[in-house]
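Participant: Below: sequence and its predicted model.
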Amino acid sequence: MKKTFIALSTTALLLSSLHAETAYKTELQQLRQDVDILKAENQQMKSEFEDNSKSGFQLAGYASFDYANTENGDNAFSGAKFAPIFHYKYGDIFQFEGELEFTVNSDGETDVEMEYAAGTLFINDYMGLQMGKFMSPVGQFVQNQHPSWINKLPSTPVGFGHDGAAPTSNLGLALRGGLPAMGKIRSNYVIFVSNAPTFSIKPDGDIGITAEGTTTSNDAAKTIGGRFAVNPVGGMEIGISASTGEIADLINPDNTLFRDYDVFGADMMYNYMSFDFKAEYIQQKIGDNSASTFEGGTWKAWYTQLSYQFSSFNVEPVIRYSDYQNPDLNRDQWAFGLNYLFANNLIAKLAYEYNTDKNDANADTAANNDRVLAQFAFGF
């Protein structure tokens, strides 16, 4: 009986041990599976965190508020503008930049325009591929000086606004970048291809060029061009620009014609101590077409500007001369301004424009009427 009891006890103990070992192995296997799941989740969270850490978003922009007293014209608060700029960057391989412009028109309604929206894929340290709608790379003022908080006067130089001598934007592709420095000399470049501009009768009856980024070329050949600039010394940049292609003649909407289209520009800027000097020349040339009764012509403009900032009391006087010629108009302008800088990005401006129509100095036109302008502008 005793032997039987011992045998049964031993058997029970062995069975219990085997069961415990099986349960332990099962728990261990489950634990390992749980650990593997946690590792996978941790790796996923780490990857998502690294991806998010590469993404960056920034909201910038500017706004301005204007007043104008025009000779033989209106005396009014003449404008309010709000232009948010959106920046997105993913690591060091991609960047997006877009600007919307909200303005109030003469009817009190809000006009909205997309100034530009372009993404850049960085190929290497010296080159990026830009795609979308971008400010015209031809020249300096349009792409770098036009924001109201950067422009040192309340107005643009004559011929450098919409429908003037300077192209404003392009829709297409561009290669942008800088070349390796040669000693202290640095340089930058842009090469682009975009849809063609148009040539048509404007609402005011004048014939003009619309050189803005559009989604069609109207079957005209693409515009190809670029700009190259060097920085020979600190604070100085000298640039030269050119583009060529065709322009769609839409004067007769039932018969689209094509003309040669060529653009040339040269610009210079120099900052020395508290002095700031800028100068630029730009022209758009339209060829003839024997099937049209309208001749071609040249739209050209240039300006020089000098300012000096008194650091002791934040006052900045500005003087600018600009000249604009097209087949129907020949005008120039002297502009004298005085700015007060509350901060580098917060500026109040007061200016006087002396305008002259060289073809008819006595005509009561915008090209002859002088103006007193005031503007408050800030960037953020």
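Facilitator: Arrived safely, thanks for sending.
Participant: So, low pLDDT: which residues of the stretch 151-300 of the chain?
Facilitator: 203-205 (pLDDT under 70).
Participant: which secondary structure element contains the nearest residue to Asn231 once chain neighbours are set aside?
Facilitator: Spatially, and ignoring its direct neighbours in sequence, Asn231 is nearest to Arg186 (4.4 Å; C-beta to C-beta, 6 or more residues apart in numbering). For the C-beta atoms, the positions are set from N, CA and C on the backbone; glycine is no exception. Under DSSP states H and E, the secondary-structure element containing Arg186 is strand 185-194.
Participant: residues near Tyr308, how many?
Facilitator: Under the neighbour criterion other C-beta atoms under 10 Å, Tyr308 is assigned a count of 14.
Participant: Please verify my assumption that it contacts Pro317.
Facilitator: Yes - under the criterion of C-beta atoms under 8 Å, Tyr308 makes contact with Pro317 at 6.1 Å.
Participant: Could you pull up the residues touching the residue nearest to Asn231?
Facilitator: The contact partners of Arg186, taken as C-beta atoms under 8 Å, 6 or more residues apart in numbering, are Gly178, Leu179, Val230, Asn231.
Participant: and if you look at Met131?
Facilitator: Counting by C-beta under 8 Å, 6+ apart, Met131 touches Ala118, Gly119, Thr120, Leu121, Gly172, Leu173, Ala174.
Participant: that older thread, give the buried residues for the strand holding Arg186.
Facilitator: Residues of strand 185-194 classed as buried by neighbour count (16 or more other C-beta atoms under 10 Å): Arg186, Ser187, Asn188, Tyr189, Val190, Ile191, Phe192, Val193, Ser194.
Participant: same question, stretch 287-300
Facilitator: If you call a residue buried by 16+ other C-beta under 10 Å, then stretch 287-300 has these buried ones: Asn289, Phe294, Gly296, Gly297, Trp299, Lys300.
Participant: can you redo the residues you listed as a markdown table with secondary structure and distance to Asn368?
Facilitator: Formatted as a markdown table, these follow (DSSP: H, G, I helix; E, B strand; the rest coil; distance: C-beta to C-beta, whole Å):
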| residue | secondary structure | distance to Asn368 |
| --- | --- | --- |
| Asn289 | coil | 33 |
| Phe294 | coil | 26 |
| Gly296 | coil | 27 |
| Gly297 | strand | 22 |
| Trp299 | strand | 20 |
| Lys300 | strand | 20 |
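Participant: Looking at those residues, which one is closest to Ser241?
Facilitator: Lys300 (13.4 Å; C-beta to C-beta).
Participant: nearest spatial neighbour of Pro147, skipping sequence neighbours?
Facilitator: Nearest residue to Pro147, sequence neighbours excluded (C-beta to C-beta, 6+ apart): Tyr62, at 5.1 Å.
Participant: same check, this time on His146
Facilitator: Nearest one to His146, counting by C-beta to C-beta, 6+ apart, is Thr156 at 6.8 Å.
Participant: which SS state does the one you found fall under?
Facilitator: Following DSSP: H, G, I helix; E, B strand; the rest coil, we place Thr156 in the coil state.
Participant: Can you show me the helices along the stretch 1-150 of the chain?
Facilitator: Using DSSP state H, counting those that start in this stretch, the helices of the stretch 1-150 of the chain run over residues 2-54.
Participant: Spit out the contact partners of Ala242.
Facilitator: So Ala242 contacts Val138, Gly225, Gly226, Asp262, Val263, Phe264, Gly265 (C-beta under 8 Å, 6+ apart).
Participant: what helix or strand is it on?
Facilitator: Assessed by DSSP H and E, Ala242 sits inside strand 236-249.
Participant: who does the helix or strand following that strand touch, helix- and strand-wise?
Facilitator: Per DSSP H and E, the first helix or strand lying C-terminal to strand 236-249 is strand 257-272. Applying 3 or more C-beta pairs under 8 Å, 6 or more residues apart in numbering; DSSP states H and E, one finds that strand 257-272 contacts strand 223-231, strand 236-249, strand 275-286.
Participant: of all the ones you listed, which lies closest to Gly161?
Facilitator: Closest to Gly161 of the helices and strands packed on strand 257-272 is strand 275-286 (C-beta to C-beta; 11.9 Å).
Participant: Can you list the strands that the closest one pairs with?
Facilitator: strand 257-272 (antiparallel), strand 297-308 (antiparallel) (DSSP bridges).
Participant: closest one to Glu109 among the ones you listed?
Facilitator: Nearest of the strands paired with strand 275-286 (C-beta to C-beta): strand 297-308, 30.0 Å.
Participant: Can you give the contact residues for the closest one?
Facilitator: Contacting residues not belonging to strand 297-308 are listed as 141, 152-153, 157-160, 164-166, 208-209, 274-286, 316-327, 339 [C-beta under 8 Å, 6+ apart].
Participant: on that earlier part again, between the contacts of Ala242, which is closest to Glu237?
Facilitator: The closest of these to Glu237 turns out to be Gly265 (C-beta to C-beta; 13.5 Å).
Participant: and the closest one, how many neighbours?
Facilitator: 29.
Participant: Quick one, grab the pLDDT at Ala23.
Facilitator: Note on Ala23: pLDDT of 59.
Participant: Do me a favour and average the pLDDT over stretch 56-66.
Facilitator: Across stretch 56-66, the per-residue pLDDT values average to 96.
Participant: Correction: the previous question concerned stretch 31-43.
Facilitator: Mean predicted confidence for stretch 31-43 is 74.
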